[in-house]
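> here is the input, now give the coordinates:
(chains A, B, C and D)
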Number of protein chains: 2
Amino acid sequence: MTEKLKSFYLFKDLDDKSLARLDEISNVIEYKKGSILFFEGDKAANLIILLEGILQVYKTDQKGNKVILHHFFPVDVIAEIVNFEHMHYPASAEFESDGKVLSINYDTFEKEFLKNPDISFAFIKSLSKKIKYLENVIATNMVMNSTARVAKFLCENGDKISKLKKSHIAANLNMTPETLSRILKKLSTMGLIEKQKDEILILDKEGLETFYL
Amino acid sequence: MTEKLKSFYLFKDLDDKSLARLDEISNVIEYKKGSILFFEGDKAANLIILLEGILQVYKTDQKGNKVILHHFFPVDVIAEIVNFEHMHYPASAEFESDGKVLSINYDTFEKEFLKNPDISFAFIKSLSKKIKYLENVIATNMVMNSTARVAKFLCENGDKISKLKKSHIAANLNMTPETLSRILKKLSTMGLIEKQKDEILILDKEGLETFYL
DNA sequence: CAATCTCTTTGACAAATATCAAGAATAATT
DNA sequence: AATTATTCTTGATATTTGTCAAAGAGATTG
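Have a look, this model is predicted:
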């Protein structure tokens, strides 16, 4: 297990003694697809690192619609500020696939590890990454309209698109499947993409980019 | 000047020698209301700390409308990840009032100061604060509708409201003045607020809160 | 391969907010 | 105080996206 810990960038510079200690204060938990890692409002006692699976973080608006805020992939540190600031989770998190998590007792971690310059630098790195992600969420969802979001998604994920259900893509882009369908039709009519059996071909990437750049 | 530096929480634990060095690599710049601190896309060479004034950070959407993302107040560290990640500014910043800024050569700062555990802890604190702020921007603007945003603003800023122009409030809430006017009228009709000459009285705070809690 | 189930598309309509234009209220200036 | 300039409000209309319902297309199962 200490070997496994060592392989995470956050811990790569720790000596064996520290790793053993870290091992003591942490454990691995597995989750099934669809299960909830935490609910909005929960308090956090553990620092959580996503080892396997895709985690979706969302809020629910007044009409009861999910508003998807993040996706986390391995190996991401999840919501560390909630630990750092002793806050409540500002959103809920649900596994989009089966997953696995490393759960570290945070108080001990802060006391014994966060002073270590390598750890704190990695922690800064992780926070920084999160800010970039949030900036992107804001730029995408507050500044861009539906068509722009679809165009951006197509340009950035043209490959993955065949594997995903359209309704799933729509949820990720915070729009309804109907709206997505209509936009794809429009882009198709404009000759920017071609809808095939199972795939969407991008015919004019530059044309798509004009919607959001 | 070193005394002044010492008064910022980020530097409060530095010894005199370090402060003198910090002084060497930094300088104070003054800005007039309406002037631009940086444009979206600019590259950053300096770590910027807002000493005086209110700074507005915004993007421009495709129609040319400003979308206001943040407000910074003294003493905030501005967009430190842009330095840390050697990125370009993802948005523009404009002074809403006359202002003053401490500009620190970032490369030197990272090399000579960021290793210091007190500094790095304060840096983490600052990043953490920013994440909370961004989470709030997202929660407010992506999850809440116009009425909820106005209600929240009234509850949180009931005092300041008389000093601000309505068009300015509307811009801050990312809606048009017309929409704000209509919502205030609606809330007034519902008996939750009372519009007076120069002020808005909150008659039923709990009633307002139901719009967004 | 027919029946069933799920997902996607389409159409008609509704809701929220923006836009444009005009009038009303306030504030500033002469 | 009268005039002028700003800002705010109101009404009419447009735009974007969501909602609901039904039809169509694909996939799955017996």
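
> where does chain A have low pLDDT?
A:1-3 (pLDDT under 70).

> within range of chain B, give me the residues from it.
Residues of chain A lying close to chain B by C-beta under 8 Å from any C-beta of the partner chain are A:59, A:61-62, A:67, A:69, A:81, A:84-85, A:87, A:90-91, A:114-115, A:117, A:120-121, A:123-124, A:127-128, A:130-132, A:134-135, A:137-139, A:141-145, A:148, A:174. Just so you know, the C-beta spots here come from the backbone N, C-alpha and C atoms, and that holds for glycine as well.

> 6 Å - rerun?
Residues of chain A lying close to chain B by C-beta under 6 Å from any C-beta of the partner chain are A:59, A:61, A:67, A:81, A:84-85, A:90, A:115, A:117, A:120, A:124, A:127-128, A:131, A:134-135, A:141-143.

> and the longest helix along chain A, what's buried?
If you go by DSSP state H, chain A has its longest helix at helix A:117-138. Buried residues in helix A:117-138, counted by 16 or more other C-beta atoms under 10 Å in any protein chain shown: A:119-128, A:130-135, A:137-138.

> check stretch A:179-191 too.
For stretch A:179-191, burial by neighbour count (16+ other C-beta under 10 Å) applies to A:179-180, A:183-184, A:187.

> do the helix or strand that the longest helix of chain A is followed by and DNA strand C meet?
Per DSSP states H and E, the first helix or strand lying C-terminal to helix A:117-138 is helix A:146-157. No - Helix A:146-157 is not in contact with DNA strand C by C-beta under 7 Å from any atom of the strand; minimum separation 11.3 Å.

> spell out which parts of chain A neighbour DNA strand C.
A:165-167, A:177-178, A:180-182, A:184-185, A:195.

> what about 10 Å?
By C-beta under 10 Å from any atom of the strand, the residues of chain A that approach DNA strand C are A:62-63, A:164-171, A:176-186, A:188-189, A:195, A:200.

> so which of those residues are in strands?
A:195, A:200 (DSSP state E).

> show me what contacts the residue lying closest to residue A:108 once chain neighbours are set aside?
Nearest in space to residue A:108, with sequence neighbours left out and distances taken as C-beta to C-beta, 6 or more residues apart in numbering or on different chains, is residue A:25 at 4.7 Å. Taking C-beta atoms under 6 Å, 6 or more residues apart in numbering or on different chains, we find residue A:25 in contact with A:104-105, A:108.

> quick one: those as CSV, columns for neighbour count and distance to residue A:159 too.
As requested, these are exported to CSV (neighbours: other C-beta atoms under 10 Å in any protein chain shown; distance: C-beta to C-beta, whole Å):
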residue, neighbour count, distance to residue A:159
A:104, 21, 35
A:105, 18, 40
A:108, 15, 42
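
> in TSV, list the residues you listed along with secondary structure and distance to residue A:74.
Formatted as TSV, the contacts of residue A:25 follow (DSSP: H, G, I helix; E, B strand; the rest coil; distance: C-beta to C-beta, whole Å):
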residue	secondary structure	distance to residue A:74
A:104	strand	16
A:105	strand	21
A:108	helix	23
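
> quick one: residue A:36 and DNA strand D, what's the gap?
From residue A:36 over to DNA strand D the distance is 23 Å, taken as C-beta to the nearest atom of the strand, to the nearest Å.

> ok, that residue touching residue A:96?
No - in this structure residue A:36 lies outside contact range of residue A:96 using C-beta atoms under 6 Å: 11.8 Å.
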